[in-house]
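**Q** Next one to model:
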Amino acid sequence: VIDANFGQVFRGDGKGNFQYVKQPESGLSVTGDVKSMNVISVNGRQYLLMGINNVGVDCYELKR
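**A** Predicted coordinates:
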């Protein structure tokens, strides 16, 4: 039984429709037990922060 993955990205069109973005294109690859997630803005850039159990914080810059 597989009960985990490396994270998934879905691109929205602003009309309620979403399309899966393959991992090589999204660049998202999270390992560990993610306990929390938040997006922050710093100097006009957006970052995805993830709190990972027994590891710390992982950070990805969000790009369009």
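**Q** show me what contacts S41?
**A** S41 makes contact with Y47 under the criterion CB atoms under 8 Å, 6 or more residues apart in numbering. In short, each C-beta sits where N, CA and C put it, glycine included.
**Q** Which strand or helix spans it?
**A** S41 is part of strand 34-42 when elements are defined by DSSP states H and E.
**Q** avg pLDDT for that strand?
**A** Mean per-residue pLDDT for strand 34-42: 94.
**Q** ok, the next helix-or-strand element following that strand: who's next to it in the sheet?
**A** Using DSSP H and E, the helix or strand that follows strand 34-42 in sequence is strand 45-52. Paired strands of strand 45-52, with direction, are strand 34-42 (antiparallel), strand 56-62 (antiparallel) (DSSP bridges).
**Q** Could I get those in a markdown table, plus columns for distance to G12?
**A** Output for the strands paired with strand 45-52, formatted as a markdown table (distance: least, CB to CB, whole Å):
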| stretch | distance to G12 |
| --- | --- |
| strand 34-42 | 14 |
| strand 56-62 | 13 |
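**Q** between these, which gets nearest to L28?
**A** When these are compared by CB to CB, strand 56-62 sits nearest L28, at 6.5 Å.
**Q** Check which helices and strands the lowest-mean-pLDDT helix or strand in the chain sits against.
**A** Within the chain, confidence by mean pLDDT, DSSP states H and E is lowest for helix 23-26 among all helices and strands, at a mean of 90. Helix 23-26 sits against no helix or strand, with contacts defined as 3 or more CB pairs under 8 Å, 6 or more residues apart in numbering; DSSP states H and E.
**Q** Now do the strand holding S41: distance to the chain's middle.
**A** 9 Å (CA atoms, centre = their mean, to the nearest Å).
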